[in-house]
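Undergrad: Take this sequence and fold it.
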Amino acid sequence: MDVLNLPRPPWMSEDLVLLEEQARRFINDEFVPHIDRWHAAGIYEREVWNQAGQAGLLCASMPEDYGGASGSFAHEAVINRELSLAGFDTFGAPLHSGIVAPYILHYGTEEQKKRWLPKLATGELVGAVAMTEPGTGSDLQGVRSKAVKSGNGYVLNGSKTFITNGQHANLIIVVAKTDPGMGAKGVSLMVVETDEAPGFRRGRKLKKLGLDSADTSELFFEDVRLPAENLLGTEEGQGFYQLMKELPQERLIVAVHAVAMMERALALTVDYVKQRSAFGKKIIEFQNTQFELADCKTEVTIAKVFLDHCIGQHVEGKLDTVTASMAKYKLTDTQGKVIDRCLQLFGGYGYMDEYPISRLYRDARVLRIYAGTNEIMKLLIARSL
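TA: Residues are numbered from 1 along each chain as shown. The predicted structure is shown next:
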C-alpha cells in the first residue's frame, strides 16, 4: 500500500526495510483474517500478545540484554505503521512497547529492568499506563490516587479510567501521589503486577465511539499493597518529571498512526472510485472526485514528509516537545479532514459499518484527544513563540 509514492526517508535502513516486510507478512497472515471478528466481539484474544512477542513485534527498541532487538524508535514506528496500514488500529502494542517499556528502561533500576522488560518483550506481561482519572483528564497534577507508605512498602488507593489495554494488562504503571502536599513534586509512578495484587479490580470495558475491539477500561485499586521495589526508580516524587520526558515519544506514536490511517483511507478510496460507477461512468472520472483526491494526496504527502522528519530527529535524540506537539496536533487534525472527505466519496456505503472507511472514520476521532488534547498541544506550541 504505497499510494503516496514517496522515497524512503534517510532513517529507513536496510534492516528496517526487512522488518517492514516481515511485519507486514506476519500481520496480514495472522491478524488481518480475524479483525472483523474481533471488531464484532468487541475485544481480541489475550493470545494475540504472545503471538506478537514471538514474531518480534514487541519491544523492538529495547536492548537485547532485556529481551528486545536493540533497535531504535524507528523500529517501533515501522511496526506501528504496518499495524495501522493493515487496519489493526485497536492493538495496544504501541503503548506497551513505545511507552510502558521505555519508562522502565529509562527510569527503572537494573533489577526492575531485568524483572519486567524480558516478559514485556515476549508478551507474557502486557503493559498499561494508568494516568487519567474521572474528572482529571489532561490535568495530571490533579490526580487523587495515593500511594501511602506502610511498613516496607506502600498501600495504593484510587481509580483510573480510559486505560488502554485495561482488560489484558498485568503490569500497570500507576500515576499516584506519594506526597499530596507537594503538587507535581509529590507524584510518583508505581508498578502494579496485577496477578499478585489483592485489591486490584478491573472495571467495565468501556463502550466507545470507535476502536471497538480495544480493551479501554476502568481500573480500581483498593488497599493494594506494593513492595518498596515497585516504586519506579529509587526516589519518590519523580513521576511528573518521568511523564513529561516521555510525552514527545507518545505524541509521535499518535502521529505515526494518524498518517498510516490516512494512507490507508486514501488507498481504499482510490480503489473504490475506480470500481464504482454513477451516471454511466466511473466515479474517478468526475472532476470533483479527481480534485478531492488530489487535495487529499497532497495533504497526506505533506503530513508524511513532516512525520518522517520528526522520526529522524527523534532517532537522533533531537526531537523537542514543541515539534512533537506540532506533529501530534497538525497530523491528527489533517487525518480527521482527509478521512471525512474520503468517506464522502463512498456515498451512502461510506456510512455502513461493513466498509472499512466507516471504521476508519470512527477510529480516527480519538487521536485528537488522547496523549494530550490538540488544544493542549496548541498551548505548548504557543509558549515557544
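Undergrad: which residues in the stretch 201-350 of the chain form helices?
TA: Residue ranges of the helices in the stretch 201-350 of the chain, as given by DSSP state H, counting those that start in this stretch, are 239-275, 287-315, 321-346.
Undergrad: Out of those, the one nearest Asn165 is which?
TA: Asn165 lies closest, by C-beta to C-beta, to one member of the helices of the stretch 201-350 of the chain: helix 239-275, at 14.0 Å. C-betas here are computed from N, CA, C, even on glycine.
Undergrad: got the angle between that closest one and helix 287-315?
TA: Counting by axes from the mean of the first three to the mean of the last three C-alpha atoms, to 10 degrees, helix 239-275 points 150 degrees away from the direction of helix 287-315.
Undergrad: Check which residues of helix 239-275 are buried.
TA: By neighbour count on 16 or more other C-beta atoms under 10 Å, the buried set for helix 239-275 is 239-240, 242-243, 246-270, 272-273.
Undergrad: related to what we said a few turns ago, tabulate the helices of the stretch 201-350 of the chain (JSON lines), appending mean pLDDT and distance to Ala197.
TA: Converted to JSON lines, those look like this (pLDDT from 0 to 100; distance: least, C-beta to C-beta, whole Å):
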{"stretch": "helix 239-275", "mean pLDDT": "96", "distance to Ala197": "19"}
{"stretch": "helix 287-315", "mean pLDDT": "98", "distance to Ala197": "34"}
{"stretch": "helix 321-346", "mean pLDDT": "98", "distance to Ala197": "33"}
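Undergrad: With distance to Gly98 as added columns, please give these in TSV.
TA: Below are the helices of the stretch 201-350 of the chain laid out as TSV (distance: least, C-beta to C-beta, whole Å):
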stretch	distance to Gly98
helix 239-275	5
helix 287-315	11
helix 321-346	13
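Undergrad: Arg8 is nearest to which of those helices?
TA: Once the helices of the stretch 201-350 of the chain are compared by C-beta to C-beta, helix 287-315 is nearest, at 8.8 Å.
Undergrad: how close does the residue of the chain most remote from its centre sit to Lys245?
TA: Distance from the centre of the chain peaks at Gly280, with 43.6 Å (C-alpha atoms, centre = their mean). Plainly put, Gly280 is 60 Å away from Lys245 if you go by C-beta to C-beta, to the nearest Å.
Undergrad: Show me where this structure dips below the pLDDT cut-off.
TA: 1, 137-140 (pLDDT under 70).
Undergrad: tell me the domain boundaries of it?
TA: Domain assignment for the chain by automatic domain parsing gives 14-125, 128-237, 241-382.
Undergrad: nearest spatial neighbour of Val254, skipping sequence neighbours?
TA: Closest residue to Val254 apart from its sequence neighbours, by C-beta to C-beta, 6 or more residues apart in numbering: Ala371 at 4.8 Å.
Undergrad: Next, count neighbours for that neighbour.
TA: Residues near Ala371, counting by other C-beta atoms under 10 Å, number 25.
Undergrad: so what's Val3 up against?
TA: Glu263, Leu266, Ala267, Val270, Lys297, Val300 (C-beta atoms under 8 Å, 6 or more residues apart in numbering).
Undergrad: Also Met62?
TA: Gly68, Ala69, Ser70, Ser97, Ala101, Leu105, Leu117, Leu120, Ala121.
Undergrad: Quick one: which of these is the most crowded by neighbours?
TA: Neighbour max across the contacts of Met62 (other C-beta under 10 Å) = Ala101, 29 neighbours.
Undergrad: what about stretch 331-339, distance to the chain center?
TA: With C-alpha atoms, centre = their mean, to the nearest Å as the basis, stretch 331-339 stands 17 Å off its chain's centre.
Undergrad: That one: which residues count as buried?
TA: By 16+ other C-beta under 10 Å, the buried positions in stretch 331-339 come out as Leu331, Thr332, Asp333, Thr334, Gln335, Gly336, Val338, Ile339.
Undergrad: these two touch, right, the third one and Ile369?
TA: No. With the criterion set as C-beta atoms under 8 Å, Asp333 and Ile369 do not qualify as a contacting pair; they are 11.8 Å apart.
Undergrad: and the gap between the nearest residue to Asp295 once chain neighbours are set aside and Val148?
TA: Nearest residue to Asp295, sequence neighbours excluded (C-beta to C-beta, 6+ apart): Arg341, at 7.7 Å. Counting by C-beta to C-beta, the gap from Arg341 to Val148 is 52 Å.
Undergrad: same thing with Gln22?
TA: From Gln22 to Val148 the distance is 47 Å (C-beta to C-beta).
Undergrad: How about Gly71?
TA: For Gly71, the distance to Val148 - C-beta to C-beta - is 39 Å.
Undergrad: And for Ala69?
TA: With the distance defined as C-beta to C-beta, Ala69 ends up 39 Å from Val148.
Undergrad: next one: Thr194
TA: Distance, Thr194 to Val148, using C-beta to C-beta: 20 Å.
Undergrad: Give the residue from the two that has the larger number of neighbours.
TA: Thr194 (18 against 15).
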